[in-house]
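Undergrad: Sequence and predicted model, in that order:
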Amino acid sequence: MRIPQRRIGRDGPLTGVLSLGSWHTYDRMDFREAVSLLHTAVDAGISLFDVGVYGLPGSPPVFTDVLFSAMVRAAGLRREDYLLSAKLWLEGYPEHSLRSQLENAFFRAGVSHADLVILGDLRRDDTDLHALVTDLAELHSAGLIGQWGVNNWSASAIKAVHGFAAADGVPGPAIAQLKYSVARRSIPDGDPFASVFSLGVSLQASDVFEGGVLLGKGGRQVGRDPGDVRQRIAGSASGLAKAAASVGATPAQLCLAFTLTHPATTTTLFGATSVEQLTDNLKAVALVDRVGAAELRALVEPFWADRDAVDPEGP
């Protein structure tokens with residue numbers, strides 16, 4: 001069964017409701033298995049692949065995006081067979097241009113354009129958001145990017161760039177990549193982001209497993225902990241497993257299915273390190289149909305860890 005397709009933003013391309021991330025994922029896989037995973041994903045209707053350049057100065061080099069390029073070649077995929085989402089980081093902006101960063105990402109991934117780019121966290125208060133919109137419009141006009149979106153920005157910052165883009169008649173943000181899981185719900189489910197989604201900005205749910213913590217796993221690098229609730233999340237893993245079993249599902253399937261119940265969700269981003277894991281997680285789509293969105297949301301209500309712990313406006 002192929003998974004349903006939804007549109008990125010108001011006028012972007014259609015993509016599968018599930019998408020695959022590459023944050024150090026392919027580095028940990030047997031290469032032949034990784035190619036099989038890519039084949040399986042595309043055959044199932046997963047078309048969007050988040051392929052970021054991850055790594056910090058002074059840290060060991062990482063090659064997950066380079067490996068993705070080799071996987072595509074080995075799988076015999078044409079560029080039109082998949083959508084590529086690249087990351088652009090703002091820590092060095094504007095001293096270091098978005099174009100130079102993008103060209104490096106393209107070189108590593110073996111492509112000439114990105115269908116979607118996601119701007120990283122907005123950590124500096126002095127970032128010129130209007131200039132950022134202008135630079136992205138130039139990249140779009142040059143055919144280097146299609147749609148663009150943001151990662152874990154505040155609702156007010158997203159509305160600001162949307163306003164600049166509308167005033168200038170250039171493409172604005174199409175998607176917001178946000179932490180969204182059975183444990184972290186307050187921001188995507190809150191009123192500030194309801195007003196963002198009403199603008200036509202869609203949701204890409206990310207960190208849906210909390211780096212494996214929600215599945216009772218640990219020891220792997222995970223992202224930031226807004227609200228300082230990760231310990232509470234870890235303590236809920238056994239209860240979540242029981243809730244999943246009550247509807248004939250795995251914890252991973254329940255976590256994925258929950259994110260698909262949000263009306264603004266275009267796609268949910270997750271990682272898989274084996275074909276078996278991927279095919280098992282694909283069953284999350286059928287779980288929504290089998291149990292129902294309202295019932296699933298009620299089932300996971302007790303695991304909402306960041307309720308009243310974070311500002312729904314976002315970072």
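TA: Sure, I can see it.
Undergrad: Can you list the low-confidence ranges for the protein?
TA: 55-57, 219-222 (pLDDT under 70).
Undergrad: Excluding its own residues, what touches stretch 95-112? List them.
TA: Stretch 95-112 is contacted by residues 51-53, 65-66, 68-69, 72-73, 79, 84, 86-89, 92, 113-114, 117, 135-136, 138-139, 144-145 when judged by CB atoms under 8 Å, 6 or more residues apart in numbering. In short, each C-beta sits where N, CA and C put it, glycine included.
Undergrad: cool, and stretch 4-14?
TA: Residues outside stretch 4-14 that contact it (CB under 8 Å, 6+ apart) are 15-17, 45, 47, 83, 115-116, 146-147, 149, 173-175, 200-202, 265-267, 285.
Undergrad: can you give me the helices for the protein?
TA: With DSSP state H as the definition, the chain shows helices at residue ranges 31-44, 64-75, 98-109, 129-141, 155-168, 191-197, 230-235, 237-246, 251-259, 275-281, 284-291, 293-299.
Undergrad: Just the buried residues from the contacts of stretch 95-112, in ChimeraX please.
TA: With 16 or more other CB atoms under 10 Å as the burial test, the buried ones among these are selected in ChimeraX as follows:
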select :51,52,53,65,66,68,69,72,84,86,87,88,89,113,114,117,135,136,139,144,145
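Undergrad: Any idea which of the helices of the chain gets closest to residue 311?
TA: With CB to CB as the criterion, residue 311 lies closest to helix 191-197 of these, at 8.4 Å.
Undergrad: Buried residues of the closest one, list them for me.
TA: In terms of neighbour count (16+ other CB under 10 Å), helix 191-197 has its buried residues at 192-193, 196-197.
Undergrad: Repeat that for stretch 279-294.
TA: Using 16+ other CB under 10 Å as the test for burial, stretch 279-294 gives 281-285, 287-288, 291.
Undergrad: now do stretch 119-135
TA: Taking 16+ other CB under 10 Å as the basis for neighbour counts, the residues of stretch 119-135 that come out buried are 119-120, 122, 129, 132-133, 135.
Undergrad: Can you show me the CA trace of it as PDB?
TA: Only the C-alpha atoms of stretch 119-135 are listed here, as PDB (Å, rounded to 0.1, in the frame of the first residue of the first chain):
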ATOM      1  CA  LEU A 119      16.400  27.200   7.800                       C
ATOM      2  CA  GLY A 120      17.900  26.100  11.100                       C
ATOM      3  CA  ASP A 121      17.100  27.600  14.500                       C
ATOM      4  CA  LEU A 122      16.900  31.400  14.700                       C
ATOM      5  CA  ARG A 123      19.400  31.900  17.600                       C
ATOM      6  CA  ARG A 124      20.400  35.500  17.000                       C
ATOM      7  CA  ASP A 125      18.200  38.400  17.800                       C
ATOM      8  CA  ASP A 126      19.900  40.700  15.200                       C
ATOM      9  CA  THR A 127      19.100  38.500  12.100                       C
ATOM     10  CA  ASP A 128      17.700  40.700   9.300                       C
ATOM     11  CA  LEU A 129      14.600  38.700   8.400                       C
ATOM     12  CA  HIS A 130      13.700  40.900   5.400                       C
ATOM     13  CA  ALA A 131      17.200  40.300   4.000                       C
ATOM     14  CA  LEU A 132      16.800  36.600   4.600                       C
ATOM     15  CA  VAL A 133      13.600  36.600   2.600                       C
ATOM     16  CA  THR A 134      15.300  38.500  -0.200                       C
ATOM     17  CA  ASP A 135      18.300  36.100  -0.300                       C
END
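Undergrad: okay if I get the helices of the chain as a markdown table plus distance to residue 314?
TA: As requested, the helices of the chain are arranged in a markdown table below (distance: least, CB to CB, whole Å):
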| stretch | distance to residue 314 |
| --- | --- |
| helix 31-44 | 30 |
| helix 64-75 | 27 |
| helix 98-109 | 22 |
| helix 129-141 | 15 |
| helix 155-168 | 5 |
| helix 191-197 | 7 |
| helix 230-235 | 18 |
| helix 237-246 | 25 |
| helix 251-259 | 17 |
| helix 275-281 | 27 |
| helix 284-291 | 26 |
| helix 293-299 | 21 |
